[in-house]
Each structure stands twice: as structure tokens, then as C-alpha cells.
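Participant: sequence unknown, structure follows:
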């Protein structure tokens, strides 16, 4: 019986030591994982700093200016290519625009002449007279009183 208790005590000690070792292993694994996470985060931060230094706001502004210049140059080239080869074709467009402008001026002058005609030349409009009588009330005095009470109740809420 004494021997059995000694073995049980020894087994308890061994189980406690085993538990302590397992706890340490888990803590070491967690610490190692935290260290790897920190290294990854540090590496990411360093990479972001390097990208920011390489790009920089001045470089972005310069690049945007270059893009605008290239787009302007492309528009100029496109306009030059799309210009008519026939020099008289352009003159026809100008003449048509001038003709349309003159037609518009003539129409405007006619409209102004019609609008400036004297008022006596038009026939007077016969309008009905305005009534003098007061309009009849749609509610009774009792209904008016009830309405005032309801309004007072609503105002008190």
C-alpha cells in the first residue's frame, strides 16, 4: 500500500512536470508566432516607406504634368489630321454660318416689330367683373368651436 501511494505521488509529479512543459511549449510557440508576426509587420512597413520614397508627391505631380502635355500633344495631332485638305471647304462653312446669322437677325427684327405695335391696335379683352359679396362659410359655429378645441389639444401635446 505504501508503495502504491509512492507510485501515485510519483505519477502526480510527472504529470505536473509534463503539464508545465506543455504550457512552456505553448508559450514558446506563441512567442515565436508573435516574433514572426512582428517581423512581417516590420517588413511591410519598410516596404511601404520605400514605395512612398520612390513615388513621392513631386514625382506624381511631374508625371501628371507629363501626361497632360502628352494628351495636349495628341489632341493637337488629332486636330491637324482632321483638318480639311480643301481650303475652300472651310470658306463654305463660314459663309453658311454668316448666312444663318443674317437670317436670324431678320427674324429677330420682324419679331421686335410685331411686339412693338401699339396696344390700341389690338382688340380690348372683355373681362368679367369681380364679385363684391362675401363668400359663404363652409362650417357651422359649433364645428369652428370643436376645431379650436382640437387645435388647443394638439398644441398642448
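Facilitator: Ah, there it is. A quick note: this is a predicted structure, and the numbers were derived from the prediction, not measured.
Participant: Mind telling me which residue is nearest the centre of this protein?
Facilitator: The centroid of the chain falls nearest to residue 64 when counting by C-alpha atoms, centre = their mean (22.8 Å).
Participant: Quick one: residues contacting that one.
Facilitator: Shown in contact with residue 64 (C-beta atoms under 8 Å, 6 or more residues apart in numbering): no residues. Yep, even glycine has a C-beta here, placed from its N, CA and C like the rest.
Participant: need the next SSE after the helix or strand of the chain with the lowest mean pLDDT, C-terminal direction.
Facilitator: Every helix and strand in the chain was compared by mean pLDDT, DSSP states H and E; the lowest is helix 87-115, with a mean of 74. Next in sequence after helix 87-115, counting helices and strands by DSSP states H and E, comes helix 141-156.
Participant: Are there helices or strands packed against that following helix, and which ones?
Facilitator: Using 3 or more C-beta pairs under 8 Å, 6 or more residues apart in numbering; DSSP states H and E as the contact test, no helix or strand touches helix 141-156.
Participant: What are the contacting residues of that helix?
Facilitator: residue 139.
Participant: in that helix, what's buried?
Facilitator: By 16 or more other C-beta atoms under 10 Å, helix 141-156 has no buried positions at all.
Participant: tell me the average confidence for it?
Facilitator: Helix 141-156 shows a mean pLDDT of 87.
Participant: can you start the count at 396 instead of 1 from here on
Facilitator: Noted, 396 is the first residue going forward, which turns the last one into helix 536-551.
Participant: The helix or strand containing residue 424: how far from the chain's middle?
Facilitator: Here residue 424 is covered by helix 397-450, with elements defined by DSSP H and E. Per C-alpha atoms, centre = their mean, to the nearest Å, the displacement of helix 397-450 from the mean C-alpha position of its chain is 48 Å.
Participant: distance of residue 536 from residue 543?
Facilitator: Residue 536 sits 11 Å away from residue 543, going by C-beta to C-beta, to the nearest Å.
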